[in-house]
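K.L.:
Kindly generate the corresponding structure for this input.
(2 chains)
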There are 2 protein chains.
Amino acid sequence: MASRPSTEPPRGMRDILPAEAELRDATAGTILTDYRRYGFRRIETPALESLQLLLGGGGGENEKLVFKVLKRGEKLDLGAAATEADLTDLGLRFDLTVPLARYYANNQGKLPDPLRAVQIGPVWRAERPQRGRYRQFTQCDIDILGVASEIAEVELILATTEALGALGLDGLTVRINDRRLLAAMATWCGFEPARQGSVFITLDKWDKLPPSEVRRELEQSGHPGAAIERLMELYSTTALALGLDGMRAQLGNPEADGGFATLSRIIEAVRAAASGRVDIAFDPTLVRGMGYYTGPIFEIRSSSFTGGSIAGGGRYDGMIGHLLGRPVPATGFSIGFERVVDILSPMATRAGADKRVAFLFDEATVDLSPALQAAQDLRGQGHLVALERRARNAGAQRAALEKQGYDGVAAVGADGQPSVQWFADRETHQTESRT
Amino acid sequence: MASRPSTEPPRGMRDILPAEAELRDATAGTILTDYRRYGFRRIETPALESLQLLLGGGGGENEKLVFKVLKRGEKLDLGAAATEADLTDLGLRFDLTVPLARYYANNQGKLPDPLRAVQIGPVWRAERPQRGRYRQFTQCDIDILGVASEIAEVELILATTEALGALGLDGLTVRINDRRLLAAMATWCGFEPARQGSVFITLDKWDKLPPSEVRRELEQSGHPGAAIERLMELYSTTALALGLDGMRAQLGNPEADGGFATLSRIIEAVRAAASGRVDIAFDPTLVRGMGYYTGPIFEIRSSSFTGGSIAGGGRYDGMIGHLLGRPVPATGFSIGFERVVDILSPMATRAGADKRVAFLFDEATVDLSPALQAAQDLRGQGHLVALERRARNAGAQRAALEKQGYDGVAAVGADGQPSVQWFADRETHQTESRT
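P.N.:
I've put the predicted structure just below:
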C-alpha cells in the first residue's frame, strides 16, 4: 500500500513563492538587458551532460558532487553492474563553464567569432545542505571566447558592474590580480614550484585571518621558513601600499612584466570609463578558487553587502580549447545570482510598478460580460487584474486581499466602467518605503 | 587513458544557438507579461522530485519515461541493491502539474487563495528521440487552484488566446468539450461504463480518420454494435450541426445538464469578451489525452499552423487535493511552447528592434578610453554594441559581421563621437520582411 508522498521538495532544494519568483525574474531581466547591450548573446545547453564530460577534470572538487542519472532500457544491466560507472551515463551539470566548452566545440562553425555568451540557468550539486546553500541554484555567467587581448576583461568588468549598479547595488569595488603574478611572486619568495597551490590556498584567506595566522598556516604546511619570511615582507602593509608598480619593482622579474602591463591597462581603462561609478584596485592577495585560471582574475564587492564578493571571474585560456584540440583564449565573469537575490530581497518593494487589482464579481451574476470587459479595460491601463468572487464579509475580504499583495479592489461602476478603490494605507506604506 | 569526450549534447537533447535562445526568451517574455496582466503569479519548483511523488499515478504513461537519479553517499549500497528502486531516490520532473500539486500542498498557507500560477520551465522525458521531439523541452502552464466556477475557464481561455495573439499567431480557434458530456454520451450510446476510456481514445481520432475507419476501430475493440451505431448517428454531420443544444436535446440526460450549462456559459462569455479576436465552438469529438480531467476541456488552434493544437487544458478537480486530503478545484492551460517557437521561428526577423553594432577598435591603440566611451554612448541610445578588433581586410570583416547578424559598424569619429555606418542592404531587407 503506497503511503502519501511527502509534500516537501527534495532535501536541499526548495519551492519558490510568487514574490521571490518575481524578484528573480526581474533580477535576471535587468542583468540580461545590460549584457545584451554589451553585445552578449544568450545561449542554452541541456541540464544533463555525459558523465565523461562532467568528470573530465574541468570541475575540480565539484566533480564529486554530481547527481548521476541511471542508465535506461537495454543499457542498464543491474545484474552485471559492479560500479557506479556501470549504472550511470548522464549527470546534472554542476556549473555552466564545462558545458560551455562542449557547446563551443560542438557549434563553433555556427557561432559568432569572437563569441560573447551569456547564460542564466540552474546547476545542481549534491552538497551537504546548509543555511543559504541549496542543491539546485542559479548561475549567471558571461564569457568571451576568442579574444586574447585585455579588452575582453575590460568589457566583462564594465558590463558586470553596470548590471549590478542597475540592480541598485551601491559602492562597487573591483579587486584584480593575475595568476601569472601570483606564480612570479611565489617563485621570488622561493616556494617550491610544485607546492605553490598550497601557498595560494592560504594566501586566499589573507583578508579573513591576521598575518600571524597566515604565517602559522604556511609553517604548518611545511614550506621553507625563508620563503615564508619573504612573503610576509612582500605582503606587509607598507609594501602593499606601493601598489602594482611597487610590486613590479620588488619582484624585478621581466617574465612577469607582461602580467603587470595587462593589469595596468585594465585598471586604467576601467577607471577612465567608469570613474565615480566603480572603484578598481590591484589586490595581490586575490587568488580565486578554480584551478583553471591562467591570467587576470577579479572579484566585485558592494557596500550593500559585507559578507564577501558578489561576482568573480578571470581568464582561463587553457580550458575551452581542450575539446577542440587547439587553444581558444577565454575570459568569464559570474554573478552570484542567489546571493544578489538575497541582498535585493529586503530592498525590493515589488518587482515592477504595476498595480495589482482584485476585480470583484458576484457569483450569482448570469452575464459575466460587463465584469470581463471592465477588467479588460483595467488591464489595458497596465494593471495586473485578477477576477475574484465577492465575499459576504467585505472587510475580511479586503484584509485578505491586502495581505496577498493587492493594491486595490475594482468592480463594474454604475456607468459600466471599472471603478477602482485603492487601499489607501497601502499607498502610504509604499510611498514611505520608497523614500 | 581517457578519450576526449564527445562534443555532442546527450542523445535527444540539444544546444540552443543565440538567435533561437533570443526568440525563446522573447516568446516567454510576451507570454509572461500577458499572464501577469491577468493576475497570474510566477512560481518555481525544483527540477528534481522524489520518485515516490513522480511515480505516484498522476503522470500516466509519462511515469515510464522518468530519468532516475542514483542515490548518493551512505544511502547507496551497490552490493545490496537488487532493483532500480533500491538504487534511486529522485527523478527529473516529466511535467509541471505533478510538482504543482506538491507545491500547493507544501506552501498552501503562504499562497494566495485562489492561486493563479504561471510556470515556464524545462521537463525531461526519456522518450525515443524523433524529429522535433526532445528529451528536454520547455512547458508553459497556467493553473487556477481554488475556483470551482467556470469563471476560471473563461479567464484561462481569454488570457491564453491573448498571449498567443500577442505573439503574432492568427486565426485562433478554441474547441471546447466536457468530460461529463463525453461520459453521458457514451452511456446514452450504450457503451459499457468500464470500457468508455477505449471509446474516447478512438473518438480522439475523429478529425484524423474518416468515419468508416472510426467505426472499424470501435468494432475491432469489441464494443457492442448497437452502441457503435448510436455513436455514428450522434456524430453524423447533420447531428453535429445542431451544436450544444442539439446534443443536449438528443441525450436528454438531466445529469448532463450541468455540464451543458457550464459549456454554454463559457462559450457565451468568451464570445462576448473576445469576439472578432477568437472563435470558440463546442466540439464533441474533443477528448484530450490525460486521464485526470473531470470537466471542461479545451484546445486552441491557429490558422498560422495546420499541424494540430498549440495549447490545451481543462478542469482536473481530483488531482491537486490528493496530497492535501481535501478536494481543491483546479483548471489549467498549457501552451505548447516548443511548437509555438517552431511556428514563430521563420516569422521572426529578430527578437526586439534593437540594432546590433560592431564597434571597431585598433588592437595597437594604447588608450582604449575614447573607444570605450563612444561605445557606451551608443549603448545609451539603446543599441547592442560589441567591441570588435578592426581586421586588415575591411570588406571581409564587414561581410563576416553581417553574416553574424550585425546591423552596422561604428568607430570613434574625428570629433570623438561614435560614427556609425549601417549596412544599407540589411536595412532594406529588414524593411521588406516587415511589410
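K.L.:
Next, residue A:313: phi, psi?
P.N.:
Backbone torsions of residue A:313, given as degrees, to the nearest 10, read phi -180, psi -170.
K.L.:
try the one 4 residues further on
P.N.:
Comment: the main-chain dihedrals of residue A:317 come out as phi -70, psi -20, following degrees, to the nearest 10.
K.L.:
Same check on residue A:118?
P.N.:
Main-chain torsions, residue A:118, degrees, to the nearest 10: phi -120, psi 130.
K.L.:
For residue A:36, see how far away it is.
P.N.:
8 Å (C-beta to C-beta, to the nearest Å). From N, CA and C alone the C-beta is placed, and that goes for glycine too.
K.L.:
Residue A:70 now?
P.N.:
39 Å.
K.L.:
Identify the residues contacting the longest helix anywhere in chain A?
P.N.:
Of all segments of type helix in chain A, defined using DSSP state H, the longest is helix A:18-37. Here helix A:18-37 makes contact (C-beta atoms under 8 Å, 6 or more residues apart in numbering or on different chains) with A:16, A:42, A:118, A:120, A:138, A:140, A:142, A:159, A:162-163, A:166-167, A:335, A:337, A:340-341, A:344-345, A:348, A:350-352, A:405, B:25, B:32, B:41-44, B:111-112, B:117, B:354, B:379, B:382-385.
K.L.:
strands paired with the helix or strand following it, and their directions?
P.N.:
Sequence order places strand A:41-42 as the next helix or strand after helix A:18-37, per DSSP states H and E. Applying DSSP bridges, strand A:41-42 is found paired with strand A:115-124 (parallel).
K.L.:
what inclination does the partner strand have with respect to helix B:18-37?
P.N.:
If you take axes from the mean of the first three to the mean of the last three C-alpha atoms, to 10 degrees, strand A:115-124 sits at 50 degrees to helix B:18-37.
K.L.:
Report the distance from strand A:115-124 to the chain centre.
P.N.:
Relative to the centre of its chain, strand A:115-124 is centred 10 Å away, using C-alpha atoms, centre = their mean, to the nearest Å.
K.L.:
Convert it to CSV, retaining C-alpha atoms only.
P.N.:
Provided in CSV are the C-alpha atoms of strand A:115-124 (Å, rounded to 0.1, in the frame of the first residue of the first chain):
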residue,chain,number,x,y,z
LEU,A,115,31.6,34.6,-29.0
ARG,A,116,30.2,36.8,-26.2
ALA,A,117,27.9,34.4,-24.4
VAL,A,118,25.5,35.0,-21.5
GLN,A,119,24.0,32.0,-19.7
ILE,A,120,21.5,32.1,-16.8
GLY,A,121,20.3,28.7,-15.6
PRO,A,122,20.2,26.2,-12.8
VAL,A,123,23.0,24.0,-11.7
TRP,A,124,23.0,21.1,-9.3
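K.L.:
So which bits of the following helix or strand past it are buried?
P.N.:
Downstream of strand A:115-124, the first helix or strand assigned by DSSP H and E is strand A:136-145. Across strand A:136-145, burial judged by 16 or more other C-beta atoms under 10 Å in any protein chain shown covers A:136-145.
K.L.:
Equivalent analysis for stretch A:209-216, please.
P.N.:
Those would be A:214-215, for stretch A:209-216 by 16+ other C-beta under 10 Å.
K.L.:
now do stretch A:408-419
P.N.:
A:408-412, A:418.
K.L.:
ok, of these, which one's closest to chain B?
P.N.:
residue A:410 (11.6 Å; C-beta to the nearest C-beta).
K.L.:
In this structure residue A:287 contacts residue A:203, no?
P.N.:
Yes. With contacts counted by C-beta atoms under 8 Å, residue A:287 reaches residue A:203, the gap being 5.6 Å.
K.L.:
Name the residues contacting each of these two.
P.N.:
Joint contacts of residue A:287 and residue A:203 (C-beta under 8 Å, 6+ apart) are residue A:182.
K.L.:
Show me the domain layout of chain A.
P.N.:
A:9-161+A:313-340, A:171-302, A:356-434 (automatic domain parsing).
K.L.:
nearest residue to the closest residue to chain B within the stretch 151-300 of chain A other than its sequence neighbours?
P.N.:
Ranked by C-beta to the nearest C-beta, the top residue of the stretch 151-300 of chain A for proximity to chain B is residue A:272, at 3.9 Å. Counting by C-beta to C-beta, 6 or more residues apart in numbering or on different chains, residue A:272 lies nearest to residue B:369, which is 3.9 Å off, once chain neighbours are set aside.
K.L.:
how far away is the one you found from residue B:234?
P.N.:
From residue B:369 to residue B:234 the distance is 79 Å (C-beta to C-beta).
K.L.:
Same check on residue A:328?
P.N.:
67 Å.
K.L.:
what does residue A:287 give?
P.N.:
77 Å.
K.L.:
which one of these two has more residues nearby?
P.N.:
residue A:287 (22 against 17; other C-beta atoms under 10 Å in any protein chain shown).
K.L.:
any weak-confidence spans in chain A?
P.N.:
Residue ranges of chain A with pLDDT under 70: A:1-3, A:348-353, A:366, A:425-435.
K.L.:
Quick check: beta-bridge partners of the residue in the stretch 301-435 of chain A that chain B sits nearest to?
P.N.:
The nearest approach of the stretch 301-435 of chain A to chain B comes at residue A:386, 2.5 Å away (C-beta to the nearest C-beta). Here residue A:386 sits in beta bridges with residue A:358, going by DSSP bridges.
K.L.:
Would you confirm that it contacts residue B:118?
P.N.:
No. Applying C-beta under 8 Å as the test, residue A:386 and residue B:118 come out as separate, 12.0 Å apart.
K.L.:
shared neighbours, those two?
P.N.:
residue B:40.
K.L.:
Next up, the contacts around the residue of the stretch 151-300 of chain A closest to chain B.
P.N.:
Contacts of residue A:272 (C-beta under 8 Å, 6+ apart): B:367-369, B:372-373.
K.L.:
Ok, residue A:408 next?
P.N.:
Counted by C-beta under 8 Å, 6+ apart, residue A:408 has contacts A:355, A:357-358, A:420-423.
K.L.:
Quick check: closest non-adjacent residue to it.
P.N.:
Nearest to residue A:408 is residue A:422, by C-beta to C-beta, 6+ apart, at 4.0 Å.
K.L.:
just to revisit the earlier point, please tell me how far the residue of the stretch 151-300 of chain A closest to chain B sits from residue B:221.
P.N.:
For residue A:272 relative to residue B:221 (C-beta to C-beta), the value is 78 Å.
K.L.:
got it, and residue A:361?
P.N.:
Counting by C-beta to C-beta - residue A:361 and residue B:221 are separated by 45 Å.
K.L.:
neighbour count winner among those two?
P.N.:
residue A:361 (21 against 13).
K.L.:
Help me confirm that the more buried one comes into contact with residue A:369.
P.N.:
No. Using C-beta under 8 Å as the test, residue A:361 is too far from residue A:369 to be in contact (10.8 Å).
K.L.:
still on that earlier bit, for the contacts of helix A:18-37, which PyMOL command selects only the ones that are buried?
P.N.:
Entered in PyMOL, the line below selects the buried ones among those, by 16+ other C-beta under 10 Å:
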select buried, (chain A and resi 16+42+118+120+138+140+142+159+162+163+167+335+337+340+341+344+348+350+351) or (chain B and resi 25+32+41+42+43+44+111+112+117+354+379+383+384+385)
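K.L.:
Between the two ends of stretch A:236-249, how far is it?
P.N.:
Stretch A:236-249 has its terminal residues 15 Å apart, counting by C-alpha to C-alpha, to the nearest Å.
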